[in-house]
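Asks: Quick one: sequence and predicted model below, then my questions.
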Amino acid sequence: MSADAIEVGTQLPPLTVHLTRADLVRYAGASGDFNPIHWSDRAATALGLEGVLAHGMLTMGTALRVVTDWIGDPARVVAYSTRFTKPVFVPDDDTGAEVSFSGTVSAVSEDVVTVTVEAVCAGVKVLGAARVEVRLGG
């Protein structure tokens with residue numbers, strides 16, 4: 001893929017995922033983050049939360065898939081930054097929380113493309129200022 005073939009405003013294919021409590025347990029095991037707000041309604045509500053919430057880094061990592069699926073090679077990601085703006089609450093059911101991710105090319109330079117990523121759950125943006133820079137070429 002060359003920079004000549006990519007324009008500012010290009011929309012990347014969207015991605016929608018359902019994060020379930022089982023996903024949170026798997027992520028906790030992989031990351032070592034066993035904070036009970038990610039699996040226990042009792043612990044989460046005791047802290048004033050409306051329920052169990054997904055790990056921020058799980059949401060952030062899943063958002064990056066919009067770009068890596070598009071570019072085809074995760075090794076081409078040279079920078080990624082975001083802010084966590086709202087939590088993703090995950091109900092204790094088989095459906096979980098639906099999170100939709102989209103990406104738009106916001107800048108193109110000689111060999112780097114910048115993509116702005118949006119993540120929305122229940123109509124609310126859950127990531128802010130998410131930007132991914134990817135290097136083009138081999």
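Replies: Received, thanks.
Asks: Can you spell out which helices and strands pack onto whichever helix in the chain runs longest?
Replies: Counting residues, the longest helix found in the chain (DSSP state H) is helix 56-71. Counting contacts by 3 or more C-beta pairs under 8 Å, 6 or more residues apart in numbering; DSSP states H and E, helix 56-71 packs against strand 15-19, helix 21-31, strand 77-84, strand 97-108, strand 112-121, strand 127-135. For every residue, glycine as well, the C-beta is placed using N, CA and C.
Asks: Residue 18 contacts residue 91, correct?
Replies: No: the criterion here is C-beta atoms under 8 Å, and residue 18 misses it with residue 91 at 10.6 Å.
Asks: what residues do the two have in common as contacts?
Replies: Shared contacts of residue 18 and residue 91, defined by C-beta atoms under 8 Å, 6 or more residues apart in numbering, are found at residue 97.
Asks: what's near enough to touch the residue nearest the centre of the chain?
Replies: Centroid-nearest residue in the chain, with C-alpha atoms, centre = their mean: residue 63, separated by 2.2 Å. By C-beta under 8 Å, 6+ apart, residue 63 lies in contact with 82, 101, 117, 119, 127, 130.
Asks: Next one: the residue nearest to the third one when sequence neighbours are not counted relative to residue 52, how far apart?
Replies: Beyond its immediate neighbours in the sequence, the residue positioned closest to residue 117 (C-beta to C-beta, 6 or more residues apart in numbering) is residue 130, lying 4.0 Å away. Counting by C-beta to C-beta, to the nearest Å, the gap from residue 130 to residue 52 is 23 Å.
Asks: Residue 77 too?
Replies: According to C-beta to C-beta, residue 77 stands 29 Å off from residue 52.
Asks: So the two - more neighbours on which side?
Replies: residue 52 (24 against 16; other C-beta atoms under 10 Å).
Asks: What does the more buried one show for phi and psi?
Replies: Main-chain dihedrals, residue 52, degrees, to the nearest 10: phi -60, psi 140.
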